[in-house]
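Q: Here's a sequence, model it:
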Amino acid sequence: MTPVTLDLRPLFPAIVVAVTGVAVLLAQAFTPKGGRAPAAALSLAGLAGALAVVILIARGPGRGAVLASSVAADDFALFFQGLILAIGIVAVLLSPSYLRETAIDRGEYYALVLFAIVGMLGLVSALELVAVFVALEIMSVAVYALAGFHRDRAESQEAAVKYFITGAFSSAFFLYGVALLYGLTGSTSMSLIARGLRMGVVAPAAAVAGVTSVGAATALALVGVGLLLVGFGFKIASVPFHMWAPDAYEGAPTTVTALMAAGVKAAAFGAFLRVFVQALPSLAAHWQPAVAVLAIVTMIIGNLGALAQSNLKRMLAYSSVAHAGYLMTALVAAPGWGRKPSSSIW
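A: Residues are numbered from 1 along each chain as shown. I've put the predicted structure just below:
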């Protein structure tokens, strides 16, 4: 049995951001009435500190560290974490003037942004499907609240409700897919799932349920893969799972829309790539054609839908949908071009 290592370095960037989020809340709570808490400055300091930690890990001995086979600080995670933190810094820089102009300058805004980024950082570094789900929910719950932050506007309330309902729906699909793969392989670790599917090993629980043949196991695995694809399809706003995006992007505060379009999509794609390339390579012949079809339809409908819009934010939402199709095309066309022989993800 492989010993469990408790190297906390893969968690350091998320810990820095989470502690900053708590500090922002405390600063808001202890600011005298009528005063203004330094929420934006604290948020920028925390995100810059987390980015510095990512750079130090990438250049130091912590590169490639793994915590309990669940969270990694490999090249893949470090790249996406740096990208997400840079997006978060830009979003915070854009926020103060916008919040003042729209009269929604409340300290919890920055705390929610930071907690959403904590979930994003966990998404791209998780090596285990339950960890992916937990990070996904941490990110999603914070973004649901941010989408409805302009609570005096009906459009903002509609955005939050639609995003919450479709997000909960997609989480259920994702979790059911995780349950099927766990029942089939006996593990939620991506590397162990990949090995079990490649070797045709069926977990005892699946055998008791009557799944004993290779054909039955493959069929069950494909159902689980399909459910995961639906779950990720909602998160990245690919067609036909994109209908929430135009309303959510339009109703959310503009700075939140920017965070959703860039940060949430980057984190969801990072998790999408890791799960499908690392955990499901033996089923690529089955899921790649489905992803190819989704990519084609997403590019076409996203661009045509953008042409018909008269609202700028709805147009950008459909543009974001089209971009999801472009990224899915890369996953199908050349999933191995980004590999490094020394990288622990592959």
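Q: outside of stretch 41-60, which residues touch it?
A: If you take C-beta atoms under 8 Å, 6 or more residues apart in numbering as the criterion, stretch 41-60 is touched by 9-10, 12-14, 16-17, 19-21, 23-24, 27, 62-63, 65, 73, 75, 78, 81-82, 85-86, 88-89, 92-93, 110, 113-114, 117, 121. Every residue, glycine included, has its C-beta placed from N, CA and C.
Q: just the buried members of those?
A: When the contacts of stretch 41-60 are checked for burial by 16 or more other C-beta atoms under 10 Å, the buried set is 9-10, 12-14, 16-17, 20-21, 23-24, 27, 62-63, 65, 73, 75, 78, 81-82, 85-86, 88-89, 92, 110, 113-114, 117, 121.
Q: Mark which of the contacts of stretch 41-60 are part of strands, please.
A: Using DSSP state E, no member of the contacts of stretch 41-60 sits in strands.
Q: now stretch 120-127, how far from the centre of its chain.
A: Distance of stretch 120-127 from the chain centroid (C-alpha atoms, centre = their mean, to the nearest Å) equals 7 Å.
Q: how about the helix or strand containing residue 170: buried residues?
A: Taking DSSP states H and E as the criterion, residue 170 maps to helix 154-185. Within helix 154-185, the residues that count as buried by 16+ other C-beta under 10 Å are 156, 158-164, 166-167, 170-171, 173-178, 180-185.
Q: ok, now stretch 92-103?
A: Judged by neighbour count using 16+ other C-beta under 10 Å, the buried positions of stretch 92-103 are 92, 95-96, 99.
Q: Among the contacts of stretch 41-60, name the ones in helices.
A: 12-14, 16-17, 19-21, 23-24, 27, 75, 78, 81-82, 85-86, 88-89, 92-93, 110, 113-114, 117, 121 (DSSP state H).
Q: residue ranges with poor pLDDT in the stretch 51-200 of the chain?
A: Within the stretch 51-200 of the chain, the segments meeting pLDDT under 70 span 62, 200.
Q: in the stretch 201-346 of the chain, which spans are helices?
A: 204-208, 214-236, 244-251, 254-259, 265-274, 284-307, 312-333 (DSSP state H, counting those that start in this stretch).
Q: nearest to residue 126, of those?
A: Comparison of the helices of the stretch 201-346 of the chain against residue 126 by C-beta to C-beta identifies helix 265-274 as nearest, at 7.1 Å.
Q: Give me the angle between the closest one and helix 154-185.
A: 10 degrees (axes from the mean of the first three to the mean of the last three C-alpha atoms, to 10 degrees).
Q: Helix 265-274 versus helix 244-251: what angle between them?
A: Using the same axes, to 10 degrees: helix 265-274 against helix 244-251 is 160 degrees.
Q: can you give me the offset of helix 265-274 from its chain's centre?
A: That offset, for helix 265-274, works out to 5 Å (C-alpha atoms, centre = their mean).
Q: Give me the mean pLDDT for that helix.
A: Helix 265-274 carries an average pLDDT of 91.
Q: Equivalent analysis for stretch 280-295, please.
A: For stretch 280-295, the per-residue pLDDT averages 89.
Q: Show me what counts as buried in it.
A: 280-284, 287, 291, 294-295.
Q: Could you work out the most separated pair of those residues?
A: The farthest-apart pair in these, when distances are taken by C-beta to C-beta, is 282 and 295, at 21.3 Å.
Q: what separates the residue nearest to the spatial centre of the chain from residue 329, distance-wise?
A: Centroid-nearest residue in the chain, with C-alpha atoms, centre = their mean: residue 268, separated by 3.0 Å. Note on residue 268: its distance to residue 329, by C-beta to C-beta, to the nearest Å, is 16 Å.
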